[in-house]
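Novice: Here is a sequence with its predicted model. Questions after.
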Amino acid sequence: MENKIEIQLSKTKILLLLIGATVFVTLGILFIINPEQYANIRFRNAETIRVAGIASAAFFGLCLVFITKKLFDKKVGLTIDQNGITDNSNATSIGLIEWDDIKNIGTVQVASTKILMLETDKPEKYIGRAKNRITKRAMKANHKMYGSPLSIISNSLKIKYDDLEQLIREEFEKRKK
């Protein structure tokens, strides 16, 4: 493949993720401020609601930071060329993933989100490229749970998951031959 395939970031999808994260941060803050108001038959304990609020505000607050950065990102979301796959689609993106380092491609599903896992025998090479501790920890968790630190999702890209998976699998098969 001499030409490169570029898939842009979808500002619409990113904006929707931003709205969703904002809603969860807001709910988390409300749970922290007044947990008694949200007590019900299932969660009678106000402290449980407060802890859920702290967890929600912290996790989705962190997501909000990464999503906001991605909203203003001018780089291409994903590039596929003769060197490999250059990923800039999510918080754990680490740039170029070389074809020679990809040993297999798998799919995992978390809730309703499908994730493309690029299996490698050089996980430390890519974990070492992480830009910060949070990204590094997320990549280590991916490696432990799914067998690879390298994941690509279509949530922020201008492409549907099934089309992305097919495209990457086709290009991977060309490289194996």
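Specialist: Cool, got the structure.

Novice: State the mean pLDDT of the longest helix seen in the chain.
Specialist: Longest helix in the chain by number of residues, with DSSP state H as the criterion: helix 46-71. On average, the pLDDT along helix 46-71 is 93.

Novice: Pull up the pairing partners for the following helix or strand past it, direction included.
Specialist: Counting by DSSP states H and E, the element after helix 46-71 in chain order, helix or strand, is strand 78-80. Strand 78-80 has its sheet partners listed here by DSSP bridges as strand 5-7 (antiparallel), strand 84-87 (antiparallel).

Novice: and residue 113, which of the ones you listed is closest to it?
Specialist: strand 84-87 (16.2 Å; CB to CB). C-betas here are computed from N, CA, C, even on glycine.

Novice: Three-state assignment for the residue nearest to the spatial centre of the chain, please.
Specialist: Geometric centre of the chain, nearest residue: residue 90, 4.5 Å, by CA atoms, centre = their mean. State at residue 90, reduced to three classes by DSSP: H, G, I helix; E, B strand; the rest coil: coil.

Novice: all strands in this structure, in order from the N-terminus.
Specialist: All strands of the chain, identified by DSSP state E, fall at 5-7, 78-80, 84-87, 95-98, 102-110, 113-120, 150-152.
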